[in-house]
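>>> One predicted model, sequence on top.
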Amino acid sequence: MNKSATKGETPSQLIDARIKELGDWRGTMLSHLRALIKQADPAVVEEWKWNVPAWSHNGLICTGETYKSAVKLTFPEGATLKDPSGLFNSSLKGNARRAIDFHEGDTVDADAFKALIRAAAALNG
């Protein structure tokens, strides 16, 4: 899906289209993570950056990329966030970013995930 040049569609509509286009567990997972992000931070702003879904609140919180075997949420300032539940499982050696790779059949610790979203939003001020 190349929607970077699409005019007239809101970022939320582009995210809806991505979820529908996936049509498998990745779409279901991305939809679930999106709902948790909105629950964690009702003031979150949905964006479409770099041809992927993104969520911001006074700055970027995370992006949501989809791959054949994973849905990856990348937190650009993840290295500065406390992650007591150990959700970050990817990009662990970077200086700034951290990511969470979700695979088919994974369950999401909703409380820990929402706490991480709130922490990332708070980091933005």
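Arrived safely.
>>> could you point out which element follows the helix ranked longest in the chain?
Secondary structure of the chain per DSSP state H: the longest helix is helix 25-40. As assigned by DSSP states H and E, the chain's next helix or strand after helix 25-40 is strand 45-49.
>>> Buried residues in that following strand, which are they?
Judged by neighbour count (16 or more other CB atoms under 10 Å), strand 45-49 contains these buried residues: Glu46, Glu47, Trp48. Backbone N, C-alpha and C define where each C-beta goes, glycine included.
>>> Now the last one: closest residue in space that isn't a chain neighbour?
Going back to what we said before, that points to Trp48. Leaving aside its sequence neighbours, Trp48 sits nearest to Pro11 (CB to CB, 6 or more residues apart in numbering; 4.2 Å).
>>> where's that neighbour relative to Arg34, distance?
Separation of Pro11 from Arg34 (CB to CB, to the nearest Å): 11 Å.
>>> quick one: common contacting residues for the two?
Shared contacts of Pro11 and Arg34 (CB atoms under 8 Å, 6 or more residues apart in numbering): Glu46, Pro53.
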